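*Asks:* Below are the sequence and a predicted model for it; my questions follow.
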Amino acid sequence: MRARLGMHTLTDGRGLLFGGDYNPEQWPEEVWAEDVELMRAAGVNLVTVGVFSWARIEPEPGARDFGWLDRVLDLLGSAGIAVDLATPTASPPPWLGHRWPETLPVDESGHRLWYGSRNQFCPSSPVYRERALAIVTDLADRYAGHPALALWHVGNEYGQICHCDESAAAFRTWLQDRHGDLDALNEAWGTTFWSQRYSDWAEIIPPRHAPYMINPTQRLDWQRFCSDALLAHYQAERDILRERTPGTPVTTNFMGLFKPVDYWSWAGEEDIVSNDWYPDPADPLSPARAALTHDLMRGLGQGRPWLLMEQATNGVNWRPHNLPKPPGQFRLESLQAVARGADGLCYFQWRASRFGAERFHAAMVPHAGPDTRLHAEVRAHGQELRKLAPVAGEPVPAQVAMVFDWASWWALEERGRPSDRLNAPDQLLSYYLPFWERGVSVDLVPPSAELGGYPLVVVPNLYLLSDQDAAALTAYVHGGGVLMVGPFSGIVDPRAHVRTGRFPAPLREVLGASGEEWLPAPEDRPVRCRWSGGAEFAAHTWTELIAAEGAEAVAEFAEGDLAGHPAVLRHRAGQGVAWYVATMPEPVALGALAGRMLADAGVRGVLPDLPPGVEAVRRGDVLFLLNHGTATVRMPIPHAADDLLTGSPVTDHVTLTPRAVAALRPRVQPHFGDPLA
Ligand code: GLA
């Protein structure tokens, strides 16, 4: 049996990892020596090499040029810098598309996408597969046993979708596995609607550009298939690497809440979860969005440390208007990831490119060179990360679970629903925010997760819910859990068929309530609601006509046709409590609700009364305080601690200027956030 490979394989003896994508093929060899010298000075201990090197390694079909890569790995290895070696299969050389145009992806309208950029491959193309696996095999054979090789990086940011005939054939095979025969497929897809009945497998195609709305179950199955087809390719590469280098962990870089790929089904297929994260400096919700994404990565790894594979030291170049990051910003973002379970902090990329599409993307060494404000910050950050070595491998304890599901996301966001203003990631973020603001750590989990250990489970939206998952949520509450369910949940089954009867049918009993109409609200004004105590709050976008069936109405709608009908319900069921929210409350009202649910569940944040913009999270026994706000804050702390970043003792309070971070390790037990603290 294969020994468990994980982050510890990389961090043992190294501490936290620090580095970035290194593309030496863009530079003459003289520059490489300077690179390595600068990397050492900056405390770089891991670099990703070869992500876009297919054409350099295989300049023409079947040729191999590994000499340059040998020299790169030897140089890095002799400097003690570990290599995350990429399989170069994300960007095939022009010769592949030129000689085998069937490897090029086709869009929904049947147009082929050409080479000249990157990512131009069809995940179901046998020729692409054969050529990709051949180079992966040779790469693995070449570098198996190389002392610098520490990690494999398969492909890059998987997400390609292709609608070609080869994809159609692969889709049919996938559908045969899922549905068995055509009758079952016709039943699942509801093809009696609009005369869509299929009489031969050959008639079935991907959801290509069509005159009007496409069958939603066809589209749902297609999204499942696309994620699985990419996964199959990833697995094929990974298997080659595992066979040849059994002691080297394998990862592929995720992209946060990235819709095309169901990361729950992928994460178990890698040794280490890694993610690319590019917060938008113009987005005021960026810190909370980042925290949510980091928690998702931790959840994908079932609590194990993860690797921040790519982030930017400064502005990116792919938004229309790329705001820069002020001094101290990338450090704050990087330390936020550490606080939320990352054991490695890497950047795209080491040295800014002089040419190519990303020539204006930030890097660790900017065009202006190493003698710059930015590179000085990079060096300082790399060095200070050594002080955080004690947190490597440490868990982030959480008592709240938040459920998120890709299939439900796909199904929810199909055309032809009551409102496309209700979407899954926004619902997730709006429910996550109040917990983040209160310093309450949250684990992101799939619907099938074991929930028993969490006092509070939040389901912002599960539009698609299987009978089994609904039964598990019900049993969780009966067993003593506190459950919160957001609107438009439990509406369809896994075939995306609407569950008839009053909604949410499979949760009706546990919620002690049921509804009969969805009533999207006019967009130009809020919906007035009233707590049972009399105070009012605003909601927006979505309302439901719902009736209590044993639940207590904690809030009701205060105007219009719904006046007097429940807006928020709370139901004691078995040993537990279930909440249902039949609208989209404004943030302050959701905060009040989160407060009540936390009280029901007996959960509290790591520190009380956090100032706005201050994030507090505990990792191991270290309390991280991060000031994302624009004001300096002075915060009392309950017990004496040492700040790992400054090395100074902290007795009764900390002062945090904007973008400052403290990493407080208590002098004595208990931990911050423990019930007795
Ligand atoms: C992604 C890619 C990198 C690079 C960066 C730019 O993360 O993996 O190759 O294109 O974006 O932000």
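*Replies:* Cool, got the structure.

*Asks:* can you give me the helices for the stretch 451-600 of the chain?
*Replies:* For the stretch 451-600 of the chain, applying DSSP state H, counting those that start in this stretch gives helices covering 467-478, 508-511, 587-601.

*Asks:* so which of these is the most packed in?
*Replies:* Of all the helices of the stretch 451-600 of the chain, helix 508-511 carries the top mean neighbour count, a mean of 23, counting by mean count of other CB atoms under 10 Å. All C-beta atoms are positioned from the backbone trio N, CA, C, and that covers glycine.

*Asks:* Just put the helices of the stretch 451-600 of the chain in TSV and tack on distance to the ligand.
*Replies:* Formatted as TSV, the helices of the stretch 451-600 of the chain follow (distance: least, CB to the nearest ligand atom, whole Å):
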stretch	distance to the ligand
helix 467-478	33
helix 508-511	41
helix 587-601	30
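
*Asks:* how about these in TSV, adding mean pLDDT?
*Replies:* Output for these, formatted as TSV (pLDDT from 0 to 100):
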stretch	mean pLDDT
helix 467-478	98
helix 508-511	98
helix 587-601	97
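
*Asks:* Tell me which of those sits nearest to residue 356.
*Replies:* Counting by CB to CB, residue 356 lies closest to helix 587-601 out of the helices of the stretch 451-600 of the chain; the figure is 41.5 Å.

*Asks:* packing partners for that closest one?
*Replies:* Contacting helix 587-601 under the criterion 3 or more CB pairs under 8 Å, 6 or more residues apart in numbering; DSSP states H and E are the following elements: helix 424-437, strand 456-459, strand 482-485, strand 536-540, strand 576-581.

*Asks:* Enumerate residues external to it that contact any of its residues.
*Replies:* When contacts are defined by CB atoms under 8 Å, 6 or more residues apart in numbering, helix 587-601 is touched by residues 399-400, 430-431, 433-435, 437-438, 440, 455-456, 458, 481-482, 484, 529, 531, 537-539, 554-555, 568, 570, 577, 579, 581, 585, 604.

*Asks:* by contact count, what packs against the helix or strand following it?
*Replies:* Reading on from helix 587-601 to the C-terminus, the next helix or strand found by DSSP states H and E is strand 614-619. Packed against strand 614-619 by the contact rule (3+ CB pairs under 8 Å, 6+ apart) you find helix 286-300, helix 329-339, strand 622-627.

*Asks:* in its sheet, what does strand 614-619 sit against?
*Replies:* In the sheet, strand 614-619 lines up against strand 622-627 (antiparallel) (DSSP bridges).

*Asks:* centre of the chain versus the partner strand, how much separation?
*Replies:* Remark: strand 622-627 is offset 22 Å from the chain centroid, using CA atoms, centre = their mean, to the nearest Å.

*Asks:* Can you mark which positions in stretch 280-291 are buried?
*Replies:* Within stretch 280-291, the residues that qualify as buried are 281, 287-291, counting by 16 or more other CB atoms under 10 Å.

*Asks:* Return the residues in contact with the closest residue to residue 11 other than its chain neighbours.
*Replies:* Leaving aside its sequence neighbours, residue 11 sits nearest to residue 392 (CB to CB, 6 or more residues apart in numbering; 4.5 Å). Contacts for residue 392 (CB under 8 Å, 6+ apart) come out as 7, 11, 15-16, 305, 343.

*Asks:* What separation do you get for the nearest residue to residue 258 once chain neighbours are set aside and residue 233?
*Replies:* In this structure, residue 258 finds its nearest non-sequential neighbour in residue 159, 6.4 Å apart by CB to CB, 6+ apart. Computed with CB to CB, to the nearest Å, the distance linking residue 159 and residue 233 is 12 Å.

*Asks:* and what of residue 582?
*Replies:* Summarising the geometry, the distance separating residue 582 from residue 233, computed by CB to CB, is 43 Å.

*Asks:* In terms of neighbours, single out the busier of those two.
*Replies:* In this view residue 582 and residue 233 are compared by other CB atoms under 10 Å, and residue 582 has more residues nearby, 30 against 23.

*Asks:* Now for that one: which residues touch it?
*Replies:* Contacts were defined as CB under 8 Å, 6+ apart; by that measure residue 582 touches 487, 515, 543-544, 546, 566-569.

*Asks:* so how far is stretch 12-20 from its chain's centroid?
*Replies:* When C-alpha coordinates are averaged (CA atoms, centre = their mean), stretch 12-20 and its chain have centres 22 Å apart.

*Asks:* Equivalent analysis for stretch 602-618, please.
*Replies:* Taking CA atoms, centre = their mean, the mean C-alpha location of stretch 602-618 is offset from the chain mean by 23 Å.

*Asks:* How about residues contacting that stretch?
*Replies:* By CB under 8 Å, 6+ apart, the list of residues contacting stretch 602-618 from outside reads 287, 291, 336, 339-340, 396-397, 399-400, 436-441, 455-456, 598, 623-631, 633, 635, 637-638, 656, 671-673, 675.

*Asks:* Which positions in the stretch 301-450 of the chain make contact with the ligand?
*Replies:* In this structure, the stretch 301-450 of the chain approaches the ligand at residues 310, 316, 348, 358, 361, judged by CB under 6 Å from any ligand atom.
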